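Peer 1: Provided below for reference: sequence and predicted model.
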Amino acid sequence: MDMGISGKKALVCASSKGLGKGCAEALAAEGVNLVLNARTEGPLQETAQHIRDTYGVDVVAVAADITSEEGRERVLKEAGDVDILVTNAGGPPPGMWSDWERDDFIKALDANMLTPIALMKALLPSMIEKGWGRVVNITSQSVKSPIAVLGLSNSARAGLTGYVAGTARQVAPMGVVINNLLPGIHATDRAQSLDAGVAKQEGISIEDAAKQRAATIPTRRYGTAQEFGATCAFMCSQHAGYMIGQNVLLDGGSMNSTM
Ligand code: NAP
């Protein structure tokens, strides 16, 4: 299927690895020029070069912490007007409800709620002016199905979800489409570090922790960044024009629910 977005420009945040990289590659495969971002220069430049070589699209790479005001400013300055925005950042650490203090919440809210909101606020006006835009926020399955140890993530992402629910409907008349994409367990560094946490807690190997977690998923495996990216590319495509304010769950069937 032709996604109809060849020649458009996308900012994909936190995209040197994992799910962000999966989204960047899938968009590049559709002929979308990219602005990539991550904090660490080396892997970011490697990913940028790989994408240029493989897909022949223009790629600008900006090493910056997207959750800081200064980092966002630099990324936005390099990006200029974009047609597509994919928001993403690292997730908060796991823990216990009794350990989290105000500062922990502020940090999580900054990274996983207020950063995507600031990016949308900066980039929606030019999309509205052009009468076309796509935003995909990478959130988490925890929005629909809470993960107890990820209370900081549950809280921040629920806040973003509420904001998107209203904002998506305010900008839809102007041709701008905002949706959220919710990963279940996908095979990335983040999943590995969560496996390591389970392994430590239960005194088992990381491989056994991963096997144990995969066994709870109806597909009996973790998702891939490629599958995730392909869904993101569809949500950024011409075909997604009637999909407004949705929370698309990619969790291999983990959430046991009829609707
Ligand atoms: P990952 O494999 O660890 O990759 C994270 C990417 O984001 C890297 O490129 C990293 O590069 C970049 N990054 C992290 N913090 C950043 C920041 N402050 N500013 C700019 N770039 C940043 O993680 P992932 O699995 O793709 O996860 C992406 C998001 O999905 C996270 O929020 C995670 O919590 C959420 N999620 C993931 C899963 C899963 O199973 N994978 C499930 C549910 C939710 P640098 O470190 O160099 O900055």
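Peer 2: Done, it's in. Residues are numbered from 1 along each chain as shown.
Peer 1: for the closest residue to residue 87 other than its chain neighbours, grab the count of nearby residues.
Peer 2: Using C-beta to C-beta, 6 or more residues apart in numbering and skipping residues adjacent in sequence, the residue nearest residue 87 is residue 116, 3.7 Å away. Where C-beta positions appear, they are placed from N, C-alpha and C, glycine not excepted. Neighbours of residue 116 under the rule other C-beta atoms under 10 Å: 29.
Peer 1: pretty sure residue 116 belongs to a helix, no?
Peer 2: Yes: per DSSP: H, G, I helix; E, B strand; the rest coil, residue 116 lies within a helix segment.
Peer 1: settle this for me: it is touching residue 137, isn't it.
Peer 2: Yes: when contacts are counted by C-beta atoms under 8 Å, residue 116 is listed as touching residue 137 (5.1 Å).
Peer 1: what residues are shared contacts of the two?
Peer 2: 87, 160 (C-beta atoms under 8 Å, 6 or more residues apart in numbering).
Peer 1: the residue in the stretch 51-200 of the chain that the ligand sits nearest to: neighbour count?
Peer 2: Nearest to the ligand in the stretch 51-200 of the chain, going by C-beta to the nearest ligand atom, is residue 91, at a distance of 2.1 Å. Close neighbours of residue 91, defined as other C-beta under 10 Å, add up to 22.
Peer 1: identify the residues contacting the residue nearest to residue 87.
Peer 2: Residue 116 neighbours (C-beta under 8 Å, 6+ apart): 87, 137, 160.
Peer 1: what's the neighbour count on the first one?
Peer 2: Spelled out, it's residue 87. 26.
Peer 1: so residue 35 belongs to a strand, correct?
Peer 2: Yes: membership of residue 35 in a strand is supported by three-state DSSP.
Peer 1: and the residue most central in space within the chain, what are its phi and psi?
Peer 2: In the chain, the centroid-proximal residue (C-alpha atoms, centre = their mean) is residue 138; its distance is 2.5 Å. Main-chain torsions, residue 138, degrees, to the nearest 10: phi -80, psi 110.
Peer 1: now check stretch 36-49, is it near the ligand?
Peer 2: Yes: under the criterion of C-beta under 6 Å from any ligand atom, stretch 36-49 makes contact with the ligand via 37-40, 43.
Peer 1: buried ones in that stretch?
Peer 2: Buried residues in stretch 36-49, counted by 16 or more other C-beta atoms under 10 Å: 36-39, 44-45, 47-48.
Peer 1: so how far is it from its chain's centroid?
Peer 2: 16 Å (C-alpha atoms, centre = their mean, to the nearest Å).
Peer 1: and what of stretch 164-171?
Peer 2: 18 Å.
Peer 1: just the buried residues of it, please?
Peer 2: 164, 167-168, 171.
Peer 1: dump it to PDB, restricted to CA.
Peer 2: Only the C-alpha atoms of stretch 164-171 are listed here, as PDB (Å, rounded to 0.1, in the frame of the first residue of the first chain):
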ATOM      1  CA  VAL A 164      -4.400  14.200  23.400                       C
ATOM      2  CA  ALA A 165      -8.100  13.100  23.700                       C
ATOM      3  CA  GLY A 166      -9.200  16.800  23.700                       C
ATOM      4  CA  THR A 167      -6.500  18.400  21.500                       C
ATOM      5  CA  ALA A 168      -6.900  15.800  18.700                       C
ATOM      6  CA  ARG A 169     -10.500  16.900  18.400                       C
ATOM      7  CA  GLN A 170      -9.600  20.600  18.400                       C
ATOM      8  CA  VAL A 171      -7.200  20.300  15.500                       C
END
